[in-house]
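J.: Sequence plus predicted model, see below.
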Amino acid sequence: MIRLEGSYTFDGPRDVVWEVLMDPDALAKALPGVQSMEKVDENTYKATMNVRVGPVQGRFQGTVKMSDVRPPEGYHLLVEGSGPQGFVKGEGDLHLEDQGEKTLLTYTLESQVGGRIAGVGQRLIESTAKSLIRQGLNALNRQVQARVQGPPPEATTSAPEASRVETPSQPSSPPDVEPPSMTQVTVEIVKDVVADMIPEEQRPTVLAAVVGFFAFLIGWLVGRSSK
């Protein structure tokens, strides 16, 4: 059993943070490895993820269910997923608290992992999970910031008063935020795992070697695909 708990401060009011946390499109763009998230009913989603833990990479399909939903305070979360490389089951609680113009999120999560992916060891799984949570929360915060700032004003041109026609305003869609690439996610996981598992005095050397290897591998794959 893996237990994770922590907190995060979002740069926006609680109602905006809640709106993002309940938006499947925003979650799919923000959460690392999530390829799709489809709403089944008011509190249930189907998700597809592509996740790498150490040398094991796998595609998982599963469900995300929310219960004890208390807008905009929090909810209980239940996650179940499986794929060729194993399975994951988890549940936890999320709570939102006003902090002036910001919002404090506190969370507790417990998960169980089985199959081949569990063979990499609990410590590596925990480090990877912490990295994915950190990256996901940072990406969600960018979604929050974009909604607080709103879309850029549209350029307008002056026209004679008589020719102007009043049109009803349309509700604006949330600003689009570019999701991180799989390469960016992987590099960040490597950095976090090194920081979590390697003694501080050895980190620069190990990190340079590992990131250099990934850069070489990615460059080789890109060069191969262009031929």
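T.: That came through fine. Numbers count the residues shown, from 1 in each chain.

J.: burial measure for residue 140, as a count.
T.: Counted with other C-beta atoms under 10 Å, the neighbours of residue 140 add up to 23. The C-beta positions use only the backbone N, C-alpha and C, and glycine is treated the same way.

J.: Sketch out the low-pLDDT regions of the chain for me.
T.: 152-184, 186-187, 189-190, 193-194, 197-227 (pLDDT under 70).

J.: if you set the cut-off to 90 instead, what comes out?
T.: 1-2, 27-36, 42, 49-59, 117-132, 150-227 (pLDDT under 90).

J.: That one: strands as residue ranges?
T.: Remark: strands assigned in the chain by DSSP state E are 2-10, 34-41, 44-53, 56-70, 74-83, 86-99, 102-114.

J.: domain parsing for this protein?
T.: 1-150, 181-227 (automatic domain parsing).

J.: follow-up on the earlier one: and of the strands of the chain, who's closest to residue 146?
T.: Closest approach to residue 146 among those (C-beta to C-beta): strand 2-10, 12.1 Å.

J.: which secondary structure elements does the closest one contact?
T.: Using 3 or more C-beta pairs under 8 Å, 6 or more residues apart in numbering; DSSP states H and E as the contact test, the elements touching strand 2-10 are strand 102-114, helix 122-149.

J.: the inter-axis angle of that strand versus strand 86-99?
T.: 30 degrees (axes from the mean of the first three to the mean of the last three C-alpha atoms, to 10 degrees).

J.: Could you single out the most deeply buried of the helices and strands packed on strand 2-10?
T.: Scoring the helices and strands packed on strand 2-10 by mean neighbour count under mean count of other C-beta atoms under 10 Å gives helix 122-149 as the most buried, with a mean of 18.

J.: What is it packed up against?
T.: Judged by 3+ C-beta pairs under 8 Å, 6+ apart, helix 122-149 is in contact with strand 2-10, helix 14-21, helix 24-30, strand 44-53, strand 102-114, helix 182-197.

J.: Out of those, flag the one nearest residue 77.
T.: Nearest to residue 77, of all the helices and strands packed on helix 122-149, is strand 102-114, at 7.7 Å by C-beta to C-beta.

J.: Direction included, what does the closest one pair against?
T.: Within its sheet, strand 102-114 is paired with strand 2-10 (antiparallel), strand 86-99 (antiparallel), according to DSSP bridges.

J.: Need the contact partners of the first one.
T.: Among residues not part of strand 2-10, those counted as contacts by C-beta atoms under 8 Å, 6 or more residues apart in numbering are 17, 92, 99, 102-113, 122, 125-126, 129-130, 133, 137, 140-141, 144.

J.: quick one: contacts for residue 145?
T.: By C-beta under 8 Å, 6+ apart, the neighbours of residue 145 are 11, 12.

J.: do you know how far it is from residue 90?
T.: 28 Å (C-beta to C-beta, to the nearest Å).
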